[in-house]
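[1] here is a sequence together with a model predicted from it:
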Amino acid sequence: MQLSSSPTIVITGGAGFIGSNLVRYALAHSTDRLVVVDKLTYAGSLLNLRMALDDPRVTFVRADIADRTAMARLFAEHEPRGVLNLAAETHVDRSIDGPAPFVDSNIVGAFVLLQAATAYLRDRPAVERGRFRFVHVSTDEVYGTLGSAGAFTEETSYAPNSPYAASKAAADHLVRAYYHTYGLPVLITNCSNNYGPYQFPEKLIPLVILNAIEGRPLPIYGDGGNVRDWLHVDDHCAGLIAALETGLPGQKYNIGGDNERTNLEVVDRVCAALDEARPASGNPALRDRSSYRDLKTFVPDRPGHDRRYAIDATKIRRELGWQPQHDFDSGLRATVQWYLGHLDWCKAVQAGRYDRERLGLPL
C-alpha cells in the first residue's frame, strides 16, 4: 500500500525490532519524510537503521517519549501529519524482574506523547487537524489468555496477566480516553507475536537460533504447550501503514498472522530449518549430536504465563483490505537464514548487554 504524499511521519521506537522494519517499509512505500525517535535502550540500536539513516528523508532524534520538553520540541520542529507510536519496553520476562521501566515507558511515555500531540493540534489549521493520525501500537497480550477455542476480537475484554501486558493495557486505555475526551484522532492496533530480521535475541526465535548454533541449551518453558499466533514483521508493518492511511479515528484493529503454534512446535521448526541450512553433523559446537533438537531443555515455567493467544483479524481485512503475505514456514526459514547471515549484528547488539541468560525466573 502506498502512503500519500505529505510532509512528515514520526515513528517512535524506530530503532527497535518492529520500528526499524517499519522505517524500511515506509521508505520503500512512500515519499514522506520520517522522523525516527528512539531512546536507544538495550533493545534499540542504530545498527538496526544503518542503511535507512543514509536516506535524506530520515531524521533521527535520540529522545525519551516520557520527556515532555523533548516531545513538545519534536512536534514544533517537525510538524508531523501522523505519529506511529512503537516506543515501549516489550519483554515479559524483564517486566517480571523489574516492572518500573515498563510503567515509565509504556504508560508515562504514552501519556506524554498524547499530551504533546493534543497541544500541537490545538493550534493547527482545521485541514491539518483533520488529516492528522496518532497510531498507537499495542499487543494481543492485553486480552489475557484464551482456552482451547476462540480468538481475540476488538471487543474482547482486557485481562492482562503480566506487568508488561498491564502497562500496555493502561496505555491503550489512555489512548482511547484522549479520543473520547479531547478528540485526538487516534487508532489502536493490537498485534500477535512478530518474527523476522533485527529482533533482539532475548525473544524466542532468535534466541533458539543463536543458542542452537553455539550448542547451548534451547530453553522451553513449562511443557512447551503455550500457543502463540505468529505474524511476520513485514506483514505487521503493512497493517500499521493501512491503519495510518485509511483507518477510522477511534477504532481498534487486531493484526494477526493466523499462524497458531505451540512454543514446542516453533522450536522444532527452527531446529529443522537449521538442520537444513547448517547441518548439526557439521557443527563442532554440537559434539556429535545428530540434530539441533537434541539441545531442547524444559525449564520452570514463567510466572503467570498465558496459555494461548489467537487473533481474529477479520476487521482489518474487511475494512482496510489488509492481508498477510507470509506463511509461517517460509517466513521462518527466511528468518533463520537472515540470522545466520548476520551473526556480526547479533554479536554487536548483545555485547555487554545480554548473554541470553534466563530472565523472569519464578520465585
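    The structure has been received and is ready for your questions.
[2] which residues does the nearest residue to residue 146 once chain neighbours are set aside bridge with?
    Closest residue to residue 146 apart from its sequence neighbours, by CB to CB, 6 or more residues apart in numbering: residue 308 at 4.5 Å. From N, CA and C alone the C-beta is placed, and that goes for glycine too. With DSSP bridges as the criterion, residue 308 is bridged to residue 227.
[3] tell me which residues touch residue 308, please.
    145-148, 226-228, 260 (CB atoms under 8 Å, 6 or more residues apart in numbering).
[4] tell me where the stretch 51-200 of the chain has helices.
    68-78, 92-97, 100-102, 109-122, 126-131, 163-182 (DSSP state H, counting those that start in this stretch).
[5] now the residue nearest to residue 146: how far from residue 203?
    To residue 203, residue 308 is 18 Å away according to CB to CB, to the nearest Å.
[6] do residue 325 as well
    Applying CB to CB, the value for residue 325 to residue 203 is 22 Å.
[7] more neighbours, these two?
    Of the pair residue 325 and residue 203, residue 203 is the one with more neighbours under other CB atoms under 10 Å, namely 18 against 10.
[8] element containing the residue nearest in space to the middle of the chain?
    Residue closest to the mean C-alpha point of the chain, counted by CA atoms, centre = their mean, is residue 18 at 4.6 Å. Using DSSP states H and E, residue 18 falls within helix 17-29.
[9] what pLDDT, on average, does that helix get?
    In this model, helix 17-29 has a mean pLDDT of 97.
[10] show the buried residues in the contacts of residue 308.
    Buried members of the contacts of residue 308, scored by 16 or more other CB atoms under 10 Å, are 146, 226-228, 260.
[11] residue 320: which of these is nearest?
    Taking CB to CB as the measure, residue 320 sits nearest to residue 260 out of these, at 22.4 Å.
[12] what pairs with the closest one across the strands?
    Taking DSSP bridges as the rule, residue 260 bridges to residue 229.
[13] from what I see, it and residue 310 are in contact.
    Yes. Residue 260 is within contact range of residue 310, at 5.6 Å (criterion: CB atoms under 8 Å).
[14] please enumerate the shared neighbours of those two.
    In contact with both residue 260 and residue 310: 227, 229, using CB under 8 Å, 6+ apart.
[15] can you get me a residue count around residue 323?
    Counted with other CB under 10 Å, the neighbours of residue 323 add up to 12.
[16] residues in contact with it?
    residue 317.
[17] ok, so what distance separates it from residue 192?
    With CB to CB as the criterion, residue 323 and residue 192 are 15 Å apart.
[18] so who does residue 111 touch?
    Taking CB under 8 Å, 6+ apart, we find residue 111 in contact with 171, 174.
[19] show the pLDDT at it.
    98.
[20] from residue 117, how far out is it?
    11 Å.
[21] re the thing from before, with pLDDT added, can I get the contacts of residue 308 in JSON lines?
    Compiled in JSON lines, the contacts of residue 308 are given as follows (pLDDT from 0 to 100):
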{"residue": "145", "pLDDT": "98"}
{"residue": "146", "pLDDT": "97"}
{"residue": "147", "pLDDT": "95"}
{"residue": "148", "pLDDT": "94"}
{"residue": "226", "pLDDT": "98"}
{"residue": "227", "pLDDT": "98"}
{"residue": "228", "pLDDT": "98"}
{"residue": "260", "pLDDT": "98"}
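[22] ok, residue 134 - how many residues close by?
    25.
[23] what about the stretch 101-250 of the chain, any weak spots by pLDDT?
    Nowhere does the stretch 101-250 of the chain drop to pLDDT under 70.
[24] just how off-centre is the helix or strand where residue 334 lies within its chain?
    Element membership of residue 334 [criterion: DSSP H and E] is helix 328-341. With CA atoms, centre = their mean, to the nearest Å as the basis, helix 328-341 stands 18 Å off its chain's centre.
[25] following that helix, which helix or strand comes up?
    The helix or strand immediately downstream of helix 328-341 is helix 343-350, counting by DSSP H and E.
[26] now the helix or strand harbouring residue 231 and helix 17-29, what's the angle there?
    Element membership for residue 231, per DSSP H and E: strand 227-232. Strand 227-232 and helix 17-29 are oriented at 30 degrees to each other (axes from the mean of the first three to the mean of the last three CA atoms, to 10 degrees).
[27] tell me what strand 227-232 is packed against?
    strand 193-195, strand 260-262, helix 263-277 (3 or more CB pairs under 8 Å, 6 or more residues apart in numbering; DSSP states H and E).
[28] quick check on the residue sitting furthest away from the middle of the chain: phi, psi?
    Residue farthest from the centre of the chain, counting by CA atoms, centre = their mean, is residue 288 at 36.9 Å. For residue 288, the backbone dihedrals (degrees, to the nearest 10) come out as phi 70, psi 10.
[29] roughly how far does it sit from residue 23?
    The value you get for residue 288 to residue 23, if CB to CB is used, is 44 Å.
[30] and which of the buried ones among the contacts of residue 308 is nearest to residue 164?
    Nearest to residue 164 among the buried ones among the contacts of residue 308, with distances taken as CB to CB, is residue 228, at 14.3 Å.
[31] output the helices of the stretch 51-200 of the chain as CSV; include the columns distance to residue 273.
    Formatted as CSV, those follow (distance: least, CB to CB, whole Å):
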stretch, distance to residue 273
helix 68-78, 41
helix 92-97, 24
helix 100-102, 32
helix 109-122, 36
helix 126-131, 44
helix 163-182, 28
